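Student: predicted structure and sequence below. I'll ask about it afterward.
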Amino acid sequence: YNEDDDAPKALEPVLDLIAALASDIPQHFYVHHFYTFFPHIISHSYIKIPAQIEQVFQCVGSIIIDLKNFLYKDAYKLYVDCFADILSTRRPWYINDLAAQALSFLIRKIPDKELFFYKAFKRLKKNNSQTNGLGRLLTAVMKSNSLNRVHSVTPEILRIVLSMLILKSIPTKQAVTAITLGLKGLAFFVTVKNPQKEWEDLWAEDEGRVWLPVWEHLRKVAGKIQTADKIQNNNDETTNDSEVESSDDDENLNKIEEIFCDSDEETLGKLSTAVSTESCDTDSQNHLHSILTIVQFLINFKRGSLLLDVQHAFDHLRPIITSHSSALIGDCLVNILTDLLKSPNHQACSHQYDASLPLQIQRNKIINLFFESKYPHSVLFSFAKSSVTLRNFDREVMPQLLHYLQQLVSVTTENCVRMEVLNLVLEIIMHHQPPLKSGESLDEWNSYRLHFAKFTPCQEIDEASLITIPAVIQDIICKGLSDDLSNCEDLLTSVMCLPHVSPIDPLEVNPYLAWILNEVLSKLEVAPKTMIDTEVLTPKARLNRKKRALAKST
């Protein structure tokens with residue numbers, strides 16, 4: 001042993017000898033010795049001695065290069081038998097990274113990358129511990145040897161791994177996690193500080209290697225879902241389930257190549273018939289959601305710094321917004337749009353009007369388009385809540401939001417939906433104009449004006465087409481507080497919205513409001529022993545305590 005680092009003195013010359021044998025007699029060494037020696041070589045990396053770990057992986061890298069012609073055919077066998085363990089979560093992260101780096105050289109060169117990644121992703125269904133390791137391998141494959149640069153093989157790799165997500169035999173959740181981890185590692189690599197050149201300049205040269213395959217894949221998947229539905233319906237008439245289930249792995253891979261290499265719109269329908277017995281719509285929706293999840297990560301990374309042209313994002317999201325209506329897709333779009341609108345790199349600057357006008361127009365269009373979409377109101381409510389912190393919320397979002405809320409209230413007959421609308425309005429009001437903590441600052445208080453169209457008198461409130469948000473508020477207030485306090489929360493919401501919403505007739509509401517306040521003060525009066533610190537509990541918690549106290553007193 002060496003006294004400095006406690007590494008075996010004989011290890012380095014033995015590793016050099018093994019590397020020399022692999023170089024001098026590669027075929028004989030691969031056939032008779034490689035899979036025997038490899039576990040013993042790797043076992044020496046489990047000791048926390050940096051010099052020894054470096055020696056081990058230098059030897060591994062040298063052997064892989066010398067035996068590459070034989071390993072090309074057995075890349076998956078090499079991955080499973082030799083690298084799966086050292087890429088798993090059982091090993092430290094630095095061992096994972098070194099192993100991924102050693103294997104990445106071979107993966108970039110193998111001719112049948114589709115088959116390799118298909119088997120690697122399919123294996124995640126049985127062994128979930130390989131997810132992080134596969135993500136690290138993807139990072140190593142897509143990284144260039146030069147700092148901040150993306151390898152030229154990246155577009156091909158992304159096209160392959162993204163196309164795997166539609167296969168039923170691939171565990172989607174684990175696959176998306178692995179791909180996202182791979183892109184996350186690549187993103188950190190390209191954004192690390194470079195002493196010689198700004199990383200933004202290098203990324204401007206390489207960003208197309210990441211974004212172009214992602215946008216292209218998203219466009220094809222989103223654009224072919226409706227076509228696939230029609231084809232699936234036709235195929236259901238001529239193809240029975242047993243024929244569908246009999247498709248094997250090779251057929252699945254052939255269908256993947258057809259989808260993303262052939263421009264024929266019927267190929268997506270063919271793939272659905274080949275790999276799934278379920279509804280093509282369901283599979284395609286899940287596939288689209290998976291791609292959008294990956295897009296969301298790229299957009300969200302470092303607050304949008306990887307997205308150089310927001311126009312590309314708007315162009316690819318627009319057809320998805322207009323042609324889909326599922327809550328699954330809608331929730332993902334909410335996250336993406338919120339990240340885009342909040343990103344400091346994609347704001348329209350008021351002091352540069354001419355330069356920022358096109359961007360502002362695009363922002364307004366995408367917001368308006370989203371509120372005109374067919375997504376459930378819960379999705380659009382989520383978007384409103386997420387965007388309430390936007391710098392220009394009042395100008396960009398509020399007009400479209402108020403118009404949408406008014407339409408929703410006028411067409412719905414469900415009181416619960418109307419109360420959801422009022423709760424959303426109150427949440428927006430509380431953010432922009434929170435209530436005063438004391439009467440001393442009453443002179444500084446201003447209402448947050450929310451103006452709606454004129455409404456009909458209260459007696460016509462039952463006509464759905466005539467209902468407006470001010471009318472709903474006025475109707476709740478006019479009905480007053482029920483004896484059992486069941487409408488107390490609804491009434492409180494309406495009262496808190498009242499100063500901010502217009503038009504409301506004060507002559508109509510004021511008598512009811514005064515009566516309500518008197519009723520509340522009398523009905524919520526509690527005995528001294530039940531008094532509590534009002535600063536400790538939330539309004540809802542205080543209400544529950546008072547309800548219980550009232551029930552006991554009666």
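Tutor: Received it, and whenever you're ready, just let me know what you need.

Student: hang on, residue 295 packs against residue 214?
Tutor: Yes: if you go by CB atoms under 8 Å, residue 295 and residue 214 touch, sitting 6.3 Å apart. (C-beta placed from N, C-alpha, C; glycine too.)

Student: where do the helices sit along the stretch 351-500 of the chain?
Tutor: 353-371, 377-386, 393-396, 398-411, 415-432, 469-479, 488-497 (DSSP state H, counting those that start in this stretch).

Student: now render these as JSON lines, adding distance to residue 503.
Tutor: Converted to JSON lines, these look like this (distance: least, CB to CB, whole Å):
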{"stretch": "helix 353-371", "distance to residue 503": "23"}
{"stretch": "helix 377-386", "distance to residue 503": "22"}
{"stretch": "helix 393-396", "distance to residue 503": "19"}
{"stretch": "helix 398-411", "distance to residue 503": "13"}
{"stretch": "helix 415-432", "distance to residue 503": "15"}
{"stretch": "helix 469-479", "distance to residue 503": "6"}
{"stretch": "helix 488-497", "distance to residue 503": "13"}
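
Student: more neighbours: which of residue 295 and residue 214?
Tutor: Under the neighbour definition other CB atoms under 10 Å, residue 295 and residue 214 were set side by side, and residue 295 has more, 24 against 19.

Student: can you list the weak-confidence ranges in the stretch 451-554 of the chain?
Tutor: The model of the stretch 451-554 of the chain has pLDDT under 70 over residues 454-466, 520-521, 523-554.

Student: domains in this structure, by residue range?
Tutor: 1-111, 397-433+448-523, 527-554 (automatic domain parsing).

Student: how about those domains, which one is nearest residue 330?
Tutor: domain 397-433+448-523 (13.7 Å; CB to CB).

Student: which SS class is the residue nearest to the spatial centre of the chain?
Tutor: The chain has residue 293 as the residue nearest its centroid, 3.6 Å off, counting by CA atoms, centre = their mean. Three-state call for residue 293 (DSSP: H, G, I helix; E, B strand; the rest coil): helix.

Student: need the contact list for it.
Tutor: Counting by CB atoms under 8 Å, 6 or more residues apart in numbering, residue 293 touches 176, 180, 332.

Student: what of residue 324?
Tutor: Contacts of residue 324 by CB under 8 Å, 6+ apart are 222, 225, 285, 288, 330, 375.

Student: hmm, which of those residues is lowest in pLDDT?
Tutor: Lowest pLDDT of the contacts of residue 324: residue 225, 61.

Student: just the contacts of residue 324: which are in helices?
Tutor: 222, 225, 285, 288, 330 (DSSP state H).

Student: skipping adjacent residues, who's closest to the first one in space?
Tutor: Setting aside the residues directly before and after it, residue 222 is nearest to residue 320 in space (CB to CB, 6 or more residues apart in numbering), at 4.9 Å.

Student: which neighbouring elements make contact with the helix or strand in which that neighbour is found?
Tutor: Per DSSP states H and E, residue 320 falls inside helix 310-323. Other elements packing on helix 310-323 under the criterion 3 or more CB pairs under 8 Å, 6 or more residues apart in numbering; DSSP states H and E are helix 208-238, helix 280-300, helix 327-342, helix 353-371.

Student: who wins for proximity to residue 511 among these?
Tutor: The nearest among those, by CB to CB, is helix 353-371 at 36.7 Å.

Student: buried set for that closest one?
Tutor: Judged by neighbour count using 16 or more other CB atoms under 10 Å, the buried positions of helix 353-371 are 359-360, 362-364, 366-371.

Student: one more: stretch 332-351?
Tutor: Buried residues in stretch 332-351, counted by 16+ other CB under 10 Å: 332-343, 346-348.

Student: and it, C-alpha only, in CSV?
Tutor: C-alpha atoms of stretch 332-351 as CSV (Å, rounded to 0.1, in the frame of the first residue of the first chain):
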residue,chain,number,x,y,z
CYS,A,332,-49.4,21.4,-17.9
LEU,A,333,-50.1,24.4,-20.2
VAL,A,334,-50.9,26.5,-17.2
ASN,A,335,-47.4,25.8,-15.8
ILE,A,336,-45.7,26.5,-19.1
LEU,A,337,-47.6,29.7,-19.8
THR,A,338,-47.0,31.0,-16.3
ASP,A,339,-43.3,30.4,-16.6
LEU,A,340,-43.1,32.1,-20.0
LEU,A,341,-45.1,35.1,-18.9
LYS,A,342,-43.1,35.5,-15.6
SER,A,343,-39.7,34.9,-17.1
PRO,A,344,-37.5,38.1,-16.8
ASN,A,345,-35.9,37.2,-20.1
HIS,A,346,-39.2,37.5,-22.0
GLN,A,347,-40.8,40.7,-20.7
ALA,A,348,-42.0,43.6,-22.9
CYS,A,349,-40.1,46.6,-21.7
SER,A,350,-42.2,49.8,-21.6
HIS,A,351,-39.1,52.1,-22.2
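
Student: residues in contact with it?
Tutor: For stretch 332-351, using CB under 8 Å, 6+ apart, the contacting residues are 289, 292-293, 295-296, 299-300, 303-305, 307, 310, 313-314, 317, 320-321, 355-357, 359-360, 363, 366-367, 370, 375, 379, 382-383, 386-387, 389-392, 396.
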